[in-house]
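Visitor: Return a 3D structure for these sequence lines:
(chains A and B)
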Amino acid sequence: MSAPSIASRRNAVTARADAAADDFDAARARARQRRRALVQVLRVVLAVVILGTWEITTRLGCHGPDSGTCVVDPFFFGQPSGIWSQLVSWVQKGTAQGPLWEQIAVTLEETVLGFAIGVVLGIVFGVALGRNRLLSDVLGPYIKAMNAMPRVVLGSIFTIALGLEIPSKVALAVVLVFFVVFFNAFQGVREVDRDLLANARILGASQGQLSRHVILPSALSWILASLHTSFGFALVGAIVGEYLGARKGIGLMIATAQGTFNANGVFAAMFILAVVAIVAEALVTRLENSLIKWRPNAITEVTI
Amino acid sequence: MLQADATVAAIELRGVTKRFVTTVGTAFTALHDLDLTVAPGEFTAVVGPTGCGKSTTLALISGLEAPSTGTVRVFGEPVKAVGRSVGYVFQRDAVFPWKSVLDNVAMGPRFRGVDTEHANADAREWIARVGLDGFERYYPHQLSGGMRKRVALAQTLINHPRILLMDEPFSALDVQTRALMENELLDLWASSGASVVFVTHDLEEAIGMADRVLVITAGPGTVKGTYKVDLPRPRNIAEIRFQPRFIELYEEIWNDLRDEVLVSYERSKHRVAS
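Guide: Here you go, the predicted structure:
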């Protein structure tokens, strides 16, 4: 057999293989699209079923002015349509303590401030204790004791000491966020690959350069994983702080709704919180992706 | 030092013993009464069974660890801390995964106070020298194992180490890549004049590359035998193993090494059984 004919046969085989691969890719792309559509439809169906059941059961069997005769009493358990009209009324007429956007802004300010301060403190202490055995041996038991305490009760102290304005809520959020970030940063520093440290030392790194070029980047994936959880904690701190005593904020709206037996109000405020939390989560994920470009897949919390 | 520079050994270990405390609190002797001398510019391979303290020897020379007893000298000076004249290529990947190839290679000069611009220029040169030009902006996870090893080599050699320590650097590579890398390392070494201590469990690799092969006993490690490898340079690793002299040397050293490997194997079986 002559060389050109081998070459031409090889070309033909390659062309056929390419064509088959193209078909395969196209089929896979279609399958992926179908699946995505199916997931979206099922999600909507699930929401409709849950909200529909809720709405129908709170309307069935009602007779007379007493809502207690319904299958599920909307006075205690709320009603999707009632929650919706509550939201509309808040948007259009404002809440008992002022316009809705102002309440959201106040809560967000407390959350973001508490989050930022807590994260910075957590990283500084985590790295310092992670690098210094003596410091971590001395402070270790105290930190464990403080972590074991249900820190939400500190909210009462902060409300007494710092008043009804923003600082008491920020303080509570800081306390909640700090420990999550601290433990992750501490662990991250402790888990730094020994070979990487040895390599940097051989290459001539000083202690400061070790921290900056090896320890911090290595701990960063741990720290970033904690940011997802800790933003949630910051929100809890702000809301509980407002709940305990405030002049403005979503937590106060919940407290007010509770005080007036307005179940729909509580649910409506929860809905607003959920939207805020989801948006924040997306922002943290974006931050994470922009900080860690060097890794194919970041360590994250379990995602659905 | 009163001795003339030529007579000062590049590396000199005298009566070195190294003990560790294990995680369960018992003492473990990694090295026992080890003597080792490496002349300037000499390529020494150290072979021995698993767990005989080969890596510990390198850690002592580099200054990452201090000996329990005995002395470690590099160019006549006792080793007290991590020395500037030492380069170390690790068995596992020790390139920084969060830095690009360029930043990884430029790290050494930058740690040592060279400004970014000069360090980067130097790094580009070394990246080209190990055959990675065009990959400056890649991150380690985007490279193959062999390419990451090249980054590690460039990262180490850019500091112009007079002592080059290598801890089974190619053991994770496939056979073909490995032979390529071994030849490239010999070329790079020939132009550097560095003294090399090359730890390996592969006797063929040791004989193929080194001027001298040291056999270390099963732990606690001490030198069992020293063999001069009188094969001509430059060598081609892929072909040198067919030379009659290579086979002779292999048989001679293997006779020595086999007993130690068996001892180590029996012990590991015992550990698994108990």
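Visitor: for chain B, what are the nearby residues on the stretch 151-300 of chain A?
Guide: A:193, A:195-196, A:198-206, A:209, A:213-214, A:217-218, A:220, A:292-296 (CB under 8 Å from any CB of the partner chain). Just so you know, the C-beta spots here come from the backbone N, C-alpha and C atoms, and that holds for glycine as well.
Visitor: Return a PyMOL selection command for the buried portion of these.
Guide: Here is the PyMOL command that selects only those of those that count as buried (16 or more other CB atoms under 10 Å in any protein chain shown):
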select buried, chain A and resi 195+196+198+199+200+201+202+203+204+205+209+213+214+217+218+220+292+294
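Visitor: Select from the residues of the stretch 151-300 of chain A next to chain B every entry located in strands.
Guide: Within these, no residue falls in strands by DSSP state E.
Visitor: Mind checking which of the residues of the stretch 151-300 of chain A next to chain B are in helices?
Guide: Residues from those lying in helices, with DSSP state H as the criterion: A:195, A:196, A:198, A:199, A:200, A:201, A:202, A:203, A:209, A:217, A:218, A:220.
Visitor: could I get those as CSV with pLDDT?
Guide: CSV is the format used below for those (pLDDT from 0 to 100):
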residue, pLDDT
A:195, 89
A:196, 92
A:198, 92
A:199, 93
A:200, 93
A:201, 92
A:202, 92
A:203, 92
A:209, 91
A:217, 88
A:218, 87
A:220, 86
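Visitor: so which pair among those is furthest apart in space?
Guide: A:202 and A:220 (22.8 Å; CB to CB).
Visitor: Tell me where the chain has helices.
Guide: Let's take chain A. A:3-57, A:74-77, A:80-93, A:100-131, A:133-148, A:154-162, A:166-190, A:194-203, A:207-210, A:216-244, A:250-259, A:263-291.
Visitor: Wait, chain B was what I had in mind.
Guide: Using DSSP H, helices in chain B cover B:54-62, B:101-111, B:116-129, B:145-157, B:175-192, B:203-209, B:237-240, B:244-273.
Visitor: neighbouring contacts of the shortest one?
Guide: For helix B:237-240, the external contacting residues (CB atoms under 8 Å, 6 or more residues apart in numbering or on different chains) are B:179, B:182, B:183, B:186, B:205, B:208, B:209, B:231, B:246.
Visitor: Mind doing that once more with 6 Å?
Guide: For helix B:237-240, the external contacting residues (CB atoms under 6 Å, 6 or more residues apart in numbering or on different chains) are B:179, B:182, B:183, B:208, B:246.
Visitor: May I see the ones in helices among the residues of the stretch 151-300 of chain A next to chain B organised as JSON lines, with distance to residue A:253 added?
Guide: Converted to JSON lines, these look like this (distance: CB to CB, whole Å):
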{"residue": "A:195", "distance to residue A:253": "54"}
{"residue": "A:196", "distance to residue A:253": "50"}
{"residue": "A:198", "distance to residue A:253": "56"}
{"residue": "A:199", "distance to residue A:253": "55"}
{"residue": "A:200", "distance to residue A:253": "52"}
{"residue": "A:201", "distance to residue A:253": "56"}
{"residue": "A:202", "distance to residue A:253": "59"}
{"residue": "A:203", "distance to residue A:253": "57"}
{"residue": "A:209", "distance to residue A:253": "50"}
{"residue": "A:217", "distance to residue A:253": "42"}
{"residue": "A:218", "distance to residue A:253": "43"}
{"residue": "A:220", "distance to residue A:253": "37"}
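Visitor: Could you give the number of residues near residue A:208?
Guide: 8 (other CB atoms under 10 Å in any protein chain shown).
Visitor: Residue A:191 too?
Guide: Residue A:191: 13 neighbours (other CB under 10 Å).
Visitor: What are the buried residues along stretch A:242-251?
Guide: A:242, A:243, A:244, A:245, A:246, A:248, A:249, A:250, A:251.
Visitor: Closest to chain B out of those?
Guide: residue A:250 (38.3 Å; CB to the nearest CB).
Visitor: is it true that that closest one touches residue A:269?
Guide: Yes: using CB atoms under 6 Å, residue A:250 makes contact with residue A:269 at a distance of 5.4 Å.
Visitor: Look up how far residue A:192 lies from the closest residue to residue A:261 other than its chain neighbours.
Guide: Closest residue to residue A:261 apart from its sequence neighbours, by CB to CB, 6 or more residues apart in numbering or on different chains: residue A:75 at 7.2 Å. Distance, residue A:75 to residue A:192, by CB to CB, to the nearest Å: 57 Å.
Visitor: Would you point out the helix or strand in chain A whose mean pLDDT is lowest?
Guide: Least confident element among the helices and strands of chain A, by mean pLDDT, DSSP states H and E: helix A:74-77 (a mean of 83).
Visitor: what's it in contact with?
Guide: Taking CB under 6 Å, 6+ apart as the rule, helix A:74-77 contacts A:58, A:67, A:263.
Visitor: Using the record's assignment, carve the chain into domains.
Guide: No chain in the question, so chain A it is. A:1-57, A:94-291 (automatic domain parsing).
Visitor: try chain B instead
Guide: Taken from automatic domain parsing, chain B resolves into B:5-85+B:161-273, B:94-160.
Visitor: And the ones you listed, which one averages the lowest pLDDT?
Guide: Among the domains of chain B, domain B:5-85+B:161-273 carries the lowest mean pLDDT, at a mean of 87.
Visitor: residues touching residue B:206, list them.
Guide: So residue B:206 contacts B:45, B:47, B:200, B:213 (CB under 6 Å, 6+ apart).
Visitor: Which of the residues you listed sits closest to residue A:119?
Guide: The closest of those, once distances to residue A:119 are taken by CB to CB, is residue B:200, at 46.4 Å.
Visitor: Confirm for me that that closest one is in contact with residue B:169.
Guide: No: counting by CB under 6 Å, residue B:200 sits too far from residue B:169 to count as a contact (8.5 Å).
Visitor: List the contacts of the nearest residue to residue A:229 once chain neighbours are set aside.
Guide: Residue nearest to residue A:229 in three dimensions, not counting chain neighbours: residue A:180, with 5.4 Å by CB to CB, 6+ apart. Neighbour list for residue A:180: A:226, A:229, A:230, A:233 [criterion: CB under 6 Å, 6+ apart].
Visitor: Write the ChimeraX selection for whichever of those are buried.
Guide: This is the ChimeraX syntax for the buried subset of the contacts of residue A:180, where burial follows 16+ other CB under 10 Å:
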select /A:226,230,233
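Visitor: Let me know the closest of the contacts of residue A:180 to residue A:28.
Guide: Closest to residue A:28, out of all of the contacts of residue A:180 and judged by CB to CB, is residue A:229, at 35.3 Å.
Visitor: Next, the contact list for the closest residue to residue B:29 other than its chain neighbours, please.
Guide: Leaving out its chain neighbours, the residue that sits closest to residue B:29 by CB to CB, 6+ apart is residue B:220, at 4.1 Å. Going by CB under 6 Å, 6+ apart, residue B:220 touches B:29, B:31, B:32.
Visitor: Tell me the backbone dihedrals of residue B:220, please.
Guide: Main-chain dihedrals, residue B:220, degrees, to the nearest 10: phi -70, psi 140.
Visitor: Ok, residue B:234 next?
Guide: Torsion angles, degrees, to the nearest 10, at residue B:234: phi -70, psi 150.
Visitor: Geometric centre of chain B: which residue is closest?
Guide: For chain B, residue B:166 is the residue whose C-alpha lies nearest the centre (CA atoms, centre = their mean; 1.7 Å).
Visitor: Distance-wise, check it relative to chain A.
Guide: For residue B:166, the distance to chain A (CB to the nearest CB, to the nearest Å) stands at 12 Å.
Visitor: can you pull up the bridge partners for that residue?
Guide: When bridges are called by DSSP bridges, residue B:166 pairs up with residue B:89, residue B:198.
Visitor: quick one: it and residue B:195 touch, right?
Guide: No: the pair residue B:166 / residue B:195 is not scored as a contact, 11.6 Å apart, by CB under 6 Å.
Visitor: one step back: for the domains of chain B, which one ends up most surrounded?
Guide: Mean neighbour count (mean count of other CB atoms under 10 Å in any protein chain shown) peaks for domain B:94-160 among the domains of chain B, with a mean of 19.
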